[in-house]
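J.: Everything below, folded, please.
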Amino acid sequence: MTETVKSTLPDKERRIAGEALQDTLVDLLGLSLIGKQAHWTVVGPRFRSIHLQLDEIVSSARAFSDTVAERAAALGVPPDGRPATVAASFSLPGPEDGWLRDTEAIELMATSLEQSIGRLRHRIEATEEADPVTQDLLITITAELEKQRWMFDAENWPRSQ
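T.: You can find the predicted model right below:
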């Protein structure tokens, strides 16, 4: 289908913002799936607190994925959150099959969030001149994911050396 939504950005800037938004959409959808799988399978002494914290990250990731997809659509870039697209593009670490110890769930989420944040920071740089509005959205998402990562990381304190 040809372009149906006229963008307010020139083509080059729209392409840069669109790629950043699409990649962020895939990461957020993937994070929500990782979080939900861990939520369903976590076991251990800290089950309840981790179980609830996982719901927080899932809720944030799902809400932000909607905002990101709508931003892409507003720029005339059709967002692609189809399962096949997410499966083909997603590269964050996920849980193994079976039950997940609370300590493993914490480490999994901290690592997945850290990698996602690193990629978001590259997208923030890429969109700085191309589209400050998209950049602002990516900064907001990064701040929330950094907060969530901190909370998971704090669950592992003190670390064994």
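J.: Find the least confident helix or strand in the chain, judged by mean pLDDT.
T.: Using mean pLDDT, DSSP states H and E, the weakest-scoring helix or strand in the chain turns out to be helix 83-89, at a mean of 93.
J.: So which bits of that one are buried?
T.: For helix 83-89, burial by neighbour count (16 or more other C-beta atoms under 10 Å) applies to residue 86. C-beta: built from backbone N, CA, C; applies to glycine.
J.: List the contacts of it.
T.: Contacts made with helix 83-89 from outside it, assessed by C-beta atoms under 8 Å, 6 or more residues apart in numbering, are listed as 23, 26, 29-30, 33.
J.: Repeat the analysis, applying 7 Å as the threshold.
T.: Contact with helix 83-89 is made by 26, 29-30, as judged by C-beta atoms under 7 Å, 6 or more residues apart in numbering.
J.: Downstream of it, the next helix or strand is which one?
T.: Later in the chain than helix 83-89, the nearest helix or strand by DSSP states H and E is strand 100-101.
J.: How far away from the center of its chain is that next one?
T.: Strand 100-101 has its average C-alpha position 22 Å from the chain's average C-alpha position, going by C-alpha atoms, centre = their mean, to the nearest Å.
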